[in-house]
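Asks: Starting from these lines, generate the structure:
(2 chains)
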There are 2 protein chains.
Amino acid sequence: MAQLSIYLSAIAANYKTLKSKVGKGCEVACVIKANAYGLGMAPVSKLLYDHGCTHFFVATLPEAIELRMILGDSPSIAMLNGYDDEYSQLYIENNVTPVLNTIDQLNTYKASANNQNKKLPAIAHIDTGMNRLGMRANEIQSDSFDGLEMKSIMSHFISSEEKDNALNEQQHAIFKKVAFNFPDIPKSLCNSSGIFLHDSYHYDNVRPGMALYGLNPTPYQNNPMQPVVKLDAKILQVKNVKKGETAGYNATHRFTKDSHVAIVDIGYADGILRSVSNSANLYYNAIACPIRGNVSMDLTIVDLGNIASDQMPKSGDMMEVIGENQTADDLARDAGTIGYEILTSLSRRYERIYINP
Amino acid sequence: MAQLSIYLSAIAANYKTLKSKVGKGCEVACVIKANAYGLGMAPVSKLLYDHGCTHFFVATLPEAIELRMILGDSPSIAMLNGYDDEYSQLYIENNVTPVLNTIDQLNTYKASANNQNKKLPAIAHIDTGMNRLGMRANEIQSDSFDGLEMKSIMSHFISSEEKDNALNEQQHAIFKKVAFNFPDIPKSLCNSSGIFLHDSYHYDNVRPGMALYGLNPTPYQNNPMQPVVKLDAKILQVKNVKKGETAGYNATHRFTKDSHVAIVDIGYADGILRSVSNSANLYYNAIACPIRGNVSMDLTIVDLGNIASDQMPKSGDMMEVIGENQTADDLARDAGTIGYEILTSLSRRYERIYINP
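Replies: Reported below is the predicted structural model:
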């Protein structure tokens, strides 16, 4: 079976790196939505909590409730996908801080607080140009947040992994215009990449996700984070192929010379996106073995032509999918996507091994 | 939250269609690997068992053991990814029939049978050109299967969804050459699409997967199967956008006129492959709403420009991702992949609703 090793020690080190990057005046609130980017909400959140993290972000209400069950009463849990008045009691019972994305959410939540006769916790999300979730700057009035316990005013970058992109400062300018009207409310602007743009963007708290999990928040330079994930697949079979024969479904690769192939036990149902068909490598003893033909649901065919005949692997040996020779970001490039999608696609069909600090 | 509805009644109808297609002399063995193609191994396998299916195929040993726990002692469970002698006892204890893919697997399994002093069940897999798993025709001797209880000799098509592809008959010819040497051993050649190629390919049992789950095994004509999956995502926010503004990460779409967008609660962590960014539609009241910008981890932005202003949806309304207006196969085409990958990528973050017969 394929083996997914998750280095909790590296996540802890990355958390420490981010804390030291932003300094003492700024909180590092960890984003653990989507099952901690595929790595496991329970082990990852417990680790971060044990290392001092007291603020977490998730996407959905079920995620928030699950996290509350995992971590207990103490930490702050904020939910990015907004406030849904239909479930008002669940926010209160589980002490979930909604990120308010619309004026309607703001108003219904204020009404809920009024009904409860207490100041409920909230975060206000200003859309500074992404046209995704969030309120427009011009929708905010000076009394908009009265009656709520405002944890922060936040916004989200469009292209923060591009350090010279003018959008970053444009968004910052819009954000300041709103947020500076509320000097008593903490401010939050940075995702992982934003943290590395400029210290003046850090404000009161930052919200890293991908950097914790070892993806590179600064693609314009070497990755400042430690790698977190190692993924190896098992060779089920090694076979000879002859020049002119083809590989896999629809015969999309034709061998131009006699070679050997390995059939490994990982496919698109395991999150090896089918878009790496004929385009990425797996590694055996640090030697690149190109994927041949279409990736199947449970299987991938790789060419062993770069391996000396006395060094050939045999069935039962493992091949590296993500590790020292190929990062999740590398694999994403060959798949035409981003490292985030590689992580969130990781399967439950692997043997998962958590390596503790 | 997004809602995934799985019509078990349609799976049952598809099973019946396939049974009637192959006739009484041929068994329909259902393929339920990869969590029944993402739809849930337990409910799907129980349904099929209740409708008379007694032969199942999975990919891995853990899947086989899980299925044995679900269905009890009676049905036959075969495992496609081969025999691993390291776990010989688990095959025996769980009565798992390995698909033997190499001569080495054949020999070690025969030794295991010999040790047990009984004829263990097995399937022999002949690779007729796919260069994935399986033995070569010329590796098989007349006594190769002595000492085993041979359930079948099988092979697997490369391009059976292309009815005029010459590979189909070429593979069939190679298969016959081997299998006909063993008149007493049942024969199995067809996956879903193979069933629709030619009645002479049916032999003793067929192994459908995708057709059970409503994908089209005959892309050259209308889908003979009933649709199984309906996926709807919830609108979290509707907002105005102005001409010249952009959508989502990296601003990959620029609006050419003022419009409205909806932000829906589904993203690539939910299996809406990021490759549909700027390329597919979601549907509101049967009206196509193009995806704008990059799909995010938890969110997708769609353009409501095709909807009359008095028909606009509001937050809380649902949009169709897969359903009457867009099949999984349609969405796959826009994602540059196949319907199988759409199904196996379905998330555990949906509300799952099983609709029974």
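Asks: Near chain B, which residues of the stretch 251-357 of chain A are found?
Replies: Counting by Cβ under 8 Å from any Cβ of the partner chain, the stretch 251-357 of chain A comes close to chain B at A:251, A:261, A:263, A:265, A:268-269, A:273-275, A:293, A:296-299, A:301, A:315-316, A:336-338, A:340-341, A:344-345, A:349. To be clear about C-beta, it is placed using only N, CA and C from the backbone, and glycine gets the same treatment.
Asks: Quick one, which of the residues you listed are buried?
Replies: Buried residues within these, counting neighbours by 16 or more other Cβ atoms under 10 Å in any protein chain shown: A:251, A:261, A:263, A:265, A:268-269, A:273-275, A:293, A:296-299, A:301, A:315, A:337-338, A:340-341, A:344-345, A:349.
Asks: Quick one: residues contacting the closest residue to chain B within the stretch 151-300 of chain A.
Replies: Nearest residue of the stretch 151-300 of chain A to chain B: residue A:269, at 3.7 Å (Cβ to the nearest Cβ). If a contact means Cβ atoms under 8 Å, 6 or more residues apart in numbering or on different chains, then residue A:269 has A:297-298, A:347, A:349, B:33-35, B:37-38, B:344 as its contacts.
Asks: Can you give me the neighbour number for residue A:13?
Replies: Here the count is done by other Cβ atoms under 10 Å in any protein chain shown, and residue A:13 has 18 residues near it.
Asks: which residues are in contact with the helix or strand where it lies?
Replies: Per DSSP states H and E, residue A:13 falls inside helix A:8-22. Residues from elsewhere that reach helix A:8-22, judged by Cβ under 8 Å, 6+ apart: A:28, A:30, A:39, A:43-44, A:47-48, A:51-53, A:192, A:195-196, A:199, A:202, A:206, A:208, A:211-214, A:224-228, A:354-357.
Asks: Low-confidence regions, the stretch 201-350 of chain A specifically.
Replies: Nowhere does the stretch 201-350 of chain A drop to pLDDT under 70.
Asks: swap the cut-off to 90 and go again
Replies: Residue ranges of the stretch 201-350 of chain A with pLDDT under 90: A:271, A:347-349.
Asks: Quick one: the helices in it, in order.
Replies: With helices called from DSSP state H, counting those that start in this stretch, the stretch 201-350 of chain A shows them at A:328-335, A:339-344.
Asks: Quick check: which of these is nearest to residue A:151?
Replies: Counting by Cβ to Cβ, residue A:151 lies closest to helix A:339-344 out of the helices of the stretch 201-350 of chain A; the figure is 25.3 Å.
Asks: looking at it, residue A:76 is touching residue A:151, isn't it?
Replies: Yes. Between residue A:76 and residue A:151 there is a contact at 7.1 Å, judged by Cβ atoms under 8 Å.
Asks: So which of these two has more stuff around it?
Replies: A count of neighbours by other Cβ under 10 Å puts residue A:151 above the other of residue A:76 and residue A:151, at 21 against 17.
Asks: thinking again about what came up before, please report how far the residue of the stretch 151-300 of chain A closest to chain B lies from residue B:252.
Replies: 28 Å (Cβ to Cβ, to the nearest Å).
Asks: list residues touching both of residue A:76 and residue A:151?
Replies: Common neighbours of residue A:76 and residue A:151 (Cβ under 8 Å, 6+ apart) are A:97, A:121.
Asks: before we move on, the earlier item: now render the contacts of residue A:269 as JSON lines, adding distance to residue B:58.
Replies: Converted to JSON lines, the contacts of residue A:269 look like this (distance: Cβ to Cβ, whole Å):
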{"residue": "A:297", "distance to residue B:58": "12"}
{"residue": "A:298", "distance to residue B:58": "9"}
{"residue": "A:347", "distance to residue B:58": "15"}
{"residue": "A:349", "distance to residue B:58": "11"}
{"residue": "B:33", "distance to residue B:58": "5"}
{"residue": "B:34", "distance to residue B:58": "9"}
{"residue": "B:35", "distance to residue B:58": "10"}
{"residue": "B:37", "distance to residue B:58": "12"}
{"residue": "B:38", "distance to residue B:58": "14"}
{"residue": "B:344", "distance to residue B:58": "14"}
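Asks: what's the closest of those residues to residue B:139?
Replies: Distances from residue B:139 to these, taken by Cβ to Cβ, are shortest for residue A:298, at 22.8 Å.
Asks: Now the phi/psi pair for that closest one, please.
Replies: Main-chain dihedrals, residue A:298, degrees, to the nearest 10: phi -120, psi 0.
Asks: Residue A:338 too?
Replies: Backbone torsions of residue A:338, given as degrees, to the nearest 10, read phi -120, psi 160.
Asks: ok, now which ones touch it?
Replies: A:329, A:332, B:274.
Asks: how about a cut-off of 10 Å?
Replies: Listed by Cβ atoms under 10 Å, 6 or more residues apart in numbering or on different chains, the contact partners of residue A:338 are A:161, A:210, A:215, A:219, A:328-329, A:332, B:249-250, B:268, B:274, B:294, B:297.
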